[in-house]
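Peer 1: Got a sequence here, can you build the structure:
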Amino acid sequence: MIFTSAPSGSGKTTLLSLLGGLDTPTQGEVLFDGENITAKGLEYHRRNHISLIFQSYNLIDYMTPIEHVQLTAKQDAASVLERLGLKKDEISRNVLRLSGGQQQRAAIARALASDAPVILADEPTGNLDEAAAREITTVLSESEYMFEGMRRGGDALRRGGKTGRSGAGNQKWAFLPKSPMKRRL
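Peer 2: The predicted structure is shown next:
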């Protein structure tokens, strides 16, 4: 896992947008596995290499959480949503009728259900209370993605057996596969 923490307006979301192929740099290039992401096209990069968890969820407002997860699911959509704490009745409810925390869980489930080798997350637990954020980090740590414990606002971040301190708020995370990376950003 890689994460960055910096003041608001310093370019964290812009960096994720560039890495995710949502924007192109005015200078230089973005490489994935040694290849410029524009070589095969940004859409190809987003579809095959990256899954995104957006700060503002980016859920389609006429769909349900289960429909969102089914857009990317390579596994049972309902079980992913339930593992993230959504109840059976909530996964079939229109996303506009869900709380902000429930919408964030749906967005996280959509990313986890894909088979993308890299997940880019823009404040993935920012709209969750501390207990819910802890639950989500547990689920992420048990997933196939490397995630080394982080909670909201200044709690410890473990990296390679060492404990450091994360900065308060405004964190951007990149989740990488536990197995040796076949693709590098």
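Peer 1: Low-confidence stretches in the protein?
Peer 2: Scanning the chain for pLDDT under 70 picks out 1-3, 140-185.
Peer 1: ok, which stretches of the chain are strands?
Peer 2: Taking DSSP state E to define them, one finds strands in the chain at 2-5, 31-32, 35-36, 50-53, 118-122, 145-146, 156-159, 162-165, 171-177.
Peer 1: distance of Ser10 from Ser17?
Peer 2: 14 Å (Cβ to Cβ, to the nearest Å). From N, CA and C alone the C-beta is placed, and that goes for glycine too.
Peer 1: And these two? Which one has more around it.
Peer 2: Taking neighbours as other Cβ atoms under 10 Å, Ser10 and Ser17 compare with Ser17 leading, 16 against 12.
Peer 1: Verify the contact between the more buried one and Asp23 for me.
Peer 2: Yes. Between Ser17 and Asp23 there is a contact at 4.2 Å, judged by Cβ atoms under 8 Å.
Peer 1: ok, the residue nearest to Asn58 when sequence neighbours are not counted - contacts?
Peer 2: Closest residue in space to Asn58, ignoring its immediate chain neighbours: Ala107 at 6.9 Å, by Cβ to Cβ, 6 or more residues apart in numbering. Counting by Cβ atoms under 8 Å, 6 or more residues apart in numbering, Ala107 touches Ile53, Phe54, Tyr57, Asn58, Leu59, His68.
Peer 1: Can you say which of these are buried?
Peer 2: For the contacts of Ala107, a burial check counting by 16 or more other Cβ atoms under 10 Å picks out Ile53, Phe54, Tyr57, Leu59, His68.
Peer 1: What separation do you get for the closest residue to the first one other than its chain neighbours and Arg97?
Peer 2: Okay, so that is Ile53. The shortest distance from Ile53 to any non-neighbouring residue, by Cβ to Cβ, 6+ apart, is to Ala121 (3.9 Å). Counting by Cβ to Cβ, the gap from Ala121 to Arg97 is 24 Å.
Peer 1: I'd like to know how many residues surround Gln103.
Peer 2: Around Gln103 there are 20 residues (other Cβ under 10 Å).
Peer 1: wait, doesn't it sit right on Asn58?
Peer 2: No. Taking contacts as Cβ under 8 Å, Gln103 lies outside contact range of Asn58: 9.9 Å.
Peer 1: My guess is Leu128 contacts Gln103. True?
Peer 2: No. Using Cβ under 8 Å, Leu128 is not in contact with Gln103, being 10.5 Å away.
Peer 1: can you pull the contacts of the residue sitting furthest away from the middle of the chain?
Peer 2: Distance from the C-alpha centroid of the chain, by Cα atoms, centre = their mean, peaks at Gln27 (26.1 Å). By Cβ under 8 Å, 6+ apart, the contact list for Gln27 is empty.
Peer 1: re earlier: between the buried ones among the contacts of Ala107, which sits nearest Ala78?
Peer 2: His68 (12.1 Å; Cβ to Cβ).
Peer 1: Sweet, I'm off.
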